[in-house]
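[1] below is the sequence, then the predicted model.
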Amino acid sequence: METQKKHISQQFNEEMENLRNQVMKMGGLVEQQIGNAVTALRNLDAAKAEKVIKKDHKVNALEVNIDEECARILARRQPAASDLRMVVAVIKTITDLERIGDEAEKVAKMAIHIAEDDGVFHSQYAGIRHLGDYVTKMLRNALDAFARLDVETAIQVLRDDEEADTEYQSLMRQLLTYMMEDPRTISEVLDIMWAARALERIGDHAKNIGEYVIYLVEGKDIRHLELDELEEIEKDLMS
């Protein structure tokens, strides 16, 4: 009986580890999608953008497979405490990763639209590259926090979202100014604005993943807290 229990426990641990590995695989694919979409936009590379769009089904398939595995674990193992929080965090995380994949697809579609209209990626749009790099870093850090169950890194991702929002607002002001100065660029600039909005949303989803890590490790739901409230909680967590 003791041997059987040990075997079941080992199987369960392997299932949970596989679950985490699948999340990281999905995260890696999504990160790649963002990078390719931003590159396609900068270079107005319609072929690369099409590849991003076609690859989105792989992101969706991973979400479905991981979600089904979570359902099986819940039904068979009936996990409790930290194991249950892990399954819940995985379910929430893959939902955000799938939505990040959708946002990357939107950026790719904007690249195709501008390219089809014989547009040009002007130097005034350069801020979108910086925003893309910034939210990609946020996602990478959020996934790293998930992999290592690192609360400190997760909290930093939440802080970084404030900066991402500031970058987005600054970029939008620049684009509006450029559009008013040269009305011929209105169609192009509107597409760039939609792409910028998609990148800003990616930052929001990365922040969500950071929040799930804190919930997973500490059992605390910190959604919707202001930054000063978060700092108080950070002091408690680090003490």
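    Noted; the coordinates are in hand. Numbers count the residues shown, from 1 in each chain.
[2] name the helices or strands packed onto the helix or strand that contains Gln169?
    According to DSSP states H and E, Gln169 maps onto helix 151-181. Counting contacts by 3 or more CB pairs under 8 Å, 6 or more residues apart in numbering; DSSP states H and E, helix 151-181 packs against helix 127-148, helix 186-218, helix 227-238. In short, each C-beta sits where N, CA and C put it, glycine included.
[3] out of those helices, deepest packed?
    Ranked by mean neighbour count, the helices and strands packed on helix 151-181 are led by helix 186-218 with a mean of 22 (mean count of other CB atoms under 10 Å).
[4] name the helices or strands packed onto that one?
    Contacts defined by 3+ CB pairs under 8 Å, 6+ apart place helix 186-218 against helix 2-43, helix 81-116, helix 127-148, helix 151-181.
[5] got a markdown table for the helices and strands packed on helix 151-181, with distance to Leu176 too?
    Converted to a markdown table, the helices and strands packed on helix 151-181 look like this (distance: least, CB to CB, whole Å):
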| stretch | distance to Leu176 |
| --- | --- |
| helix 127-148 | 12 |
| helix 186-218 | 8 |
| helix 227-238 | 27 |
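[6] redo these as CSV? Include distance to Lys106 and mean pLDDT.
    Listed next are the helices and strands packed on helix 151-181 as CSV, based on distance: least, CB to CB, whole Å; pLDDT from 0 to 100:
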stretch, distance to Lys106, mean pLDDT
helix 127-148, 12, 96
helix 186-218, 4, 95
helix 227-238, 28, 62
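[7] before we move on, back to that, what residues sit buried inside the helix holding Gln169?
    For helix 151-181, a neighbour-count test (16 or more other CB atoms under 10 Å) marks 151, 153-158, 160-161, 164, 167-168, 171-172, 174-175, 178-179 as buried.
[8] quick check: mean pLDDT across that helix?
    For helix 151-181, the mean pLDDT works out to 94.
[9] burial count for Asp67?
    Applying other CB atoms under 10 Å, we find 15 residues neighbouring Asp67.
[10] cool, the one 10 residues further on as well?
    Here the neighbour count serves as a burial measure; for Arg77 (other CB under 10 Å) it reads 16.
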